[in-house]
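1. Structure for the following, please:
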Amino acid sequence: VLSSTLYNCILSLVVYIFLVSPSYAQDNGGLPVEDNEFTQQLWFDFNPSWTVGDGQKFTGNFGYRTIMPKSWHRIIFKAALEKDFEKLIFKRFNHSEKLLFGTGFFILTTKESDEYGSFEIRPFQGYELGINLSPRIVFKQLFRLEERFVFSDAPENEVFGLRFRYQAQVIFNLAGVLFGEGEGFYIPIAIEGFYNLVSASQFNDVIRVTPGLGYQFNPDFKIDGSAAYHYTQQGNDDGLVRTNDIVFRFRIIKTF
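-> Numbering: from 1, shown residues only. So this is what the prediction gives:
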């Protein structure tokens with residue numbers, strides 16, 4: 001019954017995002033809309049974390065992102081505090097809950113003289129609900145609110161943005177299969193939707209679909225890669241630019 005309910009929830013989320021997002025993206029006050037062809041991006045991340053107390057973890061993210069052919073580069077630094085709760089909301093339900101508080105710093109540089117770089121500060125607050133559907137299958141839901149402060153010399157620059165993010169993720173854990181205890185592959189599959197309460201001038205994501213494959217050397221050291229589809233939109237005085245992106249992402253995840 002739980003698996004059937006989970007399947008229906010994920011299916012409803014996918015249908016909702018694909019039906020609502022295009023209509024939301026086309027609302028641009030009658031200004032022209034430009035649809036770009038598919039682009040390809042490369043993302044590299046190092047995600048360290050440290051246990052700092054009972055049920056508390058400090059996490060970091062050091063990332064580099066670029067587009068092919070290379071016209072911009074993006075450097076990312078994030079830090080967050082995660083706090084585990086046993087029974088925060090659902091008192092009689094077997095699950096895990098987590099609160100997140102953090103800030104990200106994003107530096108964008110461009111290679112073309114007629115394009116604008118930017119510096120963004122992004123505080124965020126989040127809530128994660130994890131459900132163990134079986135010993136090898138975990139279903140996670142992540143809710144995040146982000147405040148975006150974007151500083152740029154671009155004429156259409158909007159300094160403040162505010163958006164809500166919802167991610168549904170299923171992780172299939174194959175550790176111990178064909179390998180030693182605590183070692184082996186895992187398969188993460190995620191769908192994430194974005195809703196702009198106040199649109200910023202850059203990187204206004206609408207939807208991300210991210211299938212991946214990872215390998216766990218031990219519970220404290222993992223690597224994974226994914227090939228994701230991202231749909232984004234950016235508005236300015238000349239109209240709305242919509243972009244379809246294929247993002248190849250590689251991550252190193254280490255707990256100290």
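2. does D45 count as helix, strand or coil?
-> strand (DSSP: H, G, I helix; E, B strand; the rest coil).
3. so how many other residues sit close to it?
-> When neighbours are defined as other CB atoms under 10 Å, D45 has 17 of them. C-beta: built from backbone N, CA, C; applies to glycine.
4. now the most centrally placed residue in the chain: how far from I137?
-> Central residue of the chain (CA atoms, centre = their mean): E192, 6.9 Å from the mean position. The gap separating E192 from I137 is 19 Å, by CB to CB, to the nearest Å.
5. Averaged over its residues, which helix or strand of the protein has the lowest pLDDT?
-> Of all helical and strand segments in the chain, the minimum by mean pLDDT, DSSP states H and E falls on helix 2-26, at a mean of 51.
6. and I171, what does it touch?
-> I137, V138, K140, Y186, I187, P188, I189 (CB atoms under 8 Å, 6 or more residues apart in numbering).
7. switch the cut-off to 6 Å
-> If a contact means CB atoms under 6 Å, 6 or more residues apart in numbering, then I171 has V138, P188 as its contacts.
8. Give me the secondary structure label for it.
-> strand.
9. how much space between it and L178?
-> Relative to L178, I171 is positioned 18 Å away (criterion: CB to CB).
10. before we move on, what about F77?
-> Here the distance between F77 and L178 works out to 37 Å (CB to CB).
11. The two: which is more packed in?
-> The residue with more neighbours, out of F77 and L178 and counting by other CB under 10 Å, is F77; that gives 13 against 8.
12. Tell me where the model's unsure across the stretch 1-150 of the chain.
-> With pLDDT under 70 as the threshold, the stretch 1-150 of the chain has low-confidence stretches at 1-37, 87-93, 113-114.
13. In it, what residue spans correspond to strands?
-> Read by DSSP state E, counting those that start in this stretch, the stretch 1-150 of the chain holds these strands, from start to end of the chain: 33-35, 39-53, 56-68, 72-85, 96-110, 118-134, 137-151.
14. tell me what the third one is packed against?
-> Under the contact criterion of 3 or more CB pairs under 6 Å, 6 or more residues apart in numbering; DSSP states H and E, the helices and strands touching strand 56-68 comprise strand 39-53, strand 72-85.
15. show me where pLDDT drops low in the stretch 151-256 of the chain?
-> 235-240.
16. could I get the strands of the stretch 1-150 of the chain as a markdown table with distance to V206?
-> Shown next, in a markdown table, are those (distance: least, CB to CB, whole Å):
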| stretch | distance to V206 |
| --- | --- |
| strand 33-35 | 13 |
| strand 39-53 | 15 |
| strand 56-68 | 18 |
| strand 72-85 | 18 |
| strand 96-110 | 18 |
| strand 118-134 | 17 |
| strand 137-151 | 14 |
